[in-house]
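Trainee: just need the structure, nothing else, for what follows:
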Amino acid sequence: MQPPCAGVARKFREIDVGTLGPVRIRELTTTDLPAIFAINDANTPAVGEETESTLGEILDLCSIALGVEVDGAGGPELAGFCQVLPPGTTYGSPNYAWFCQRYASFAYLDRVAFAPAHQGQGYGSALYAEVEQRAAGTSEWFLLEVNLKPRNDGSLRFHARLGFEEVGQQAARGKVVSMMAKRLGS
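Mentor: So this is what the prediction gives:
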C-alpha cells in the first residue's frame, strides 16, 4: 500500500524565497526515502534517529509530507523535508501521544530537516507557510517539539519568530523537549 502522501503525482509549487529566488515545494514519495534518510541522519540529534524503514512507516501515517527541492549540479535535489501527522494515528512517539491527550484538532510536525548545505537559507519558513496553508482548513493547532536537552537554540528562536509558544515540557528517550503550539488561522 502506498502512503497517502506518496500517491500524489509530483506536483510542484514554486515559492519565492527572497533573494534566493523560487524553490519547489512538493509532495514526498517513497522514492524520496534514501534522501530523507540521509538528511535526517545528518541532523541527528536535533531530529530523532530513524532508519529508512521507520521513516517510511512515518510517511505512511502522514497527512502532509513535503519536500523542498532545489536545482543541484546533477539536477533537482531534495534540500529538506517535513512529515506532519494528524491526530489518531498509530504513531508510537511519546511526544505525539502527549499532544493527542491534550488536543483534538491538530497538525503535528513530527520532523523537519534540511541538508547542511541548505540550512539557514529561508527554506524552513517557506515550508512552514505551506504546511500552515494546507492544515488551516482541517486543523486548529500546529504542534511540534523542540529539544531543550540537548538544547537547540536556533530552532527555539526560529519557532518563536513564527509565533509558536511553549505549552509544556516533556522528558522522554533521554531528551527534554519544549512542547510548542501555534493556533492556525490566527
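
Trainee: Pro34 touches Leu55, doesn't it?
Mentor: No. Pro34 lies out of contact with Leu55 (CB atoms under 8 Å); the separation is 9.8 Å. Using the backbone N, CA and C atoms, a C-beta is placed for each residue, glycine as well.

Trainee: higher neighbour count, those two?
Mentor: Just comparing Pro34 and Leu55: by other CB atoms under 10 Å the higher neighbour count belongs to Leu55, 23 against 11.

Trainee: which helix or strand lies directly C-terminal to the helix or strand of the chain with the lowest mean pLDDT?
Mentor: Every helix and strand of the chain was ranked by mean pLDDT, DSSP states H and E. The lowest is strand 12-16, at a mean of 50. The element immediately downstream of strand 12-16 (helix or strand, assigned by DSSP states H and E) is strand 22-27.

Trainee: list the strands paired with the longest strand along the chain, with their directions.
Mentor: What stands out as the longest strand in the chain, according to DSSP state E, is strand 75-85. Using DSSP bridges, strand 75-85 pairs in its sheet with strand 64-72 (antiparallel), strand 106-114 (antiparallel).

Trainee: got phi/psi on Ala104?
Mentor: Per-residue torsions, Ala104: phi -100, psi -30 (degrees, to the nearest 10).

Trainee: helix/strand/coil for the closest residue to it other than its chain neighbours?
Mentor: Distances taken as CB to CB, 6 or more residues apart in numbering place Pro87 nearest to Ala104, at 6.6 Å, with adjacent residues excluded. Following DSSP: H, G, I helix; E, B strand; the rest coil, the label given to Pro87 is coil.
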